[in-house]
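K.L.:
no sequence on this one, just coordinates:
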């Protein structure tokens, strides 16, 4: 599927840009550097087990139940 997966990184901001239809995502890497991405889709994989926490994000579309 050619997915770009970043482990040991933290998404510090994700906002939907209504002009471009893309997401503007700021990511802080393990070494402290920060990068900004402009992407079509964002998937937050929050870990295994426990009670899931699904944040309310404006513009979020739920595909899977």
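P.N.:
Done, it's in. On a predicted model such as this, the values are computed, not experimentally measured, just so you know.
K.L.:
which one is the residue nearest in space to the middle of the chain nearest to, not counting chain neighbours?
P.N.:
With distances taken as Cα atoms, centre = their mean, the chain has residue 42 as the residue nearest its mean C-alpha position (4.3 Å). In space, residue 42 comes closest to residue 23 once its chain neighbours are excluded; the distance is 4.9 Å by Cβ to Cβ, 6 or more residues apart in numbering. The C-beta positions use only the backbone N, C-alpha and C, and glycine is treated the same way.
K.L.:
check contacts around the one you found.
P.N.:
By Cβ atoms under 8 Å, 6 or more residues apart in numbering, the residues touching residue 23 are 14, 15, 16, 17, 37, 38, 39, 40, 41, 42.
K.L.:
what residues does stretch 30-41 touch?
P.N.:
Contact with stretch 30-41 is made by 8-9, 12, 17, 20-29, as judged by Cβ under 8 Å, 6+ apart.
K.L.:
quick one: low-confidence parts of the chain?
P.N.:
Residue ranges of the chain with pLDDT under 70: 45-50, 52-53, 63-65.
K.L.:
Show me where it has its strands.
P.N.:
If you assign secondary structure with DSSP state E, the strands in the chain sit at 9-16, 23-29, 34-39.
K.L.:
Listing partners with orientation, what would you give for the shortest one?
P.N.:
Right, the one you point to is strand 34-39. Strand partners for strand 34-39, identified by DSSP bridges, are recorded as strand 23-29 (antiparallel).
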